[in-house]
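>>> Structure for this input, please:
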Amino acid sequence: MIFIHPLRKDIERYIKKHDIDKKWLKARRLFSENPRHPSLNTELLIPKEHLIYSFRIDKKYRALFYIHKDRSIEIFKITNHYH
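Take a look at the predicted model:
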């Protein structure tokens, strides 16, 4: 299983404000079990040399993350995919 660092408080507030708590928990569980799960649409973002990845929470929201050298995951932003 993949280790995902605890979320920062501002990200937790964003999740609650946008009422995606349950969707976030489901996406997080799927990601920790299998980062390549088809419903997550995990991808390396452009420009690729920045090594920023994303996975889908739902059709509207995505989680942006880094992979640390120890292979742990840090979610640094939840964003509206269309803004």
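
>>> how much space between the residue positioned nearest the centre of the chain and residue 10?
Centroid-nearest residue in the chain: residue 63, 2.8 Å away (criterion: CA atoms, centre = their mean). Distance of residue 63 to residue 10, computed by CB to CB, to the nearest Å: 14 Å. Every C-beta, even on glycine, is put in place using the N, C-alpha and C of the backbone.

>>> Please enumerate the strands of this protein.
43-44, 53-56, 61-67, 73-80 (DSSP state E).

>>> list the buried ones in the top helix by length along the chain?
The residue-count maximum for a helix in the chain (DSSP state H) belongs to helix 21-33. Residues 23, 24, 27, 28, 30, 31 are the ones in helix 21-33 that count as buried (16 or more other CB atoms under 10 Å).

>>> what's the answer for stretch 42-58, then?
Of the residues in stretch 42-58, 42, 52, 53, 54, 55, 56, 57 count as buried by neighbour count, 16+ other CB under 10 Å.

>>> Need the distance between the two termini of that stretch.
For stretch 42-58, the separation between the terminal residues is 12 Å (CA to CA, to the nearest Å).

>>> pLDDT on it, on average?
Across stretch 42-58, the average pLDDT comes to 96.

>>> Give me the contact list for that stretch.
20, 23-24, 27, 31, 35-36, 39-41, 62-67, 78, 81 (CB atoms under 8 Å, 6 or more residues apart in numbering).

>>> what do you get for stretch 11-23?
7, 24, 57, 58, 61, 75, 76, 77, 78.

>>> In a markdown table, list those residues along with distance to residue 48.
Shown next, in a markdown table, are those (distance: CB to CB, whole Å):
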| residue | distance to residue 48 |
| --- | --- |
| 7 | 25 |
| 24 | 26 |
| 57 | 22 |
| 58 | 25 |
| 61 | 22 |
| 75 | 19 |
| 76 | 17 |
| 77 | 18 |
| 78 | 21 |
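
>>> With that, I have no additional questions.
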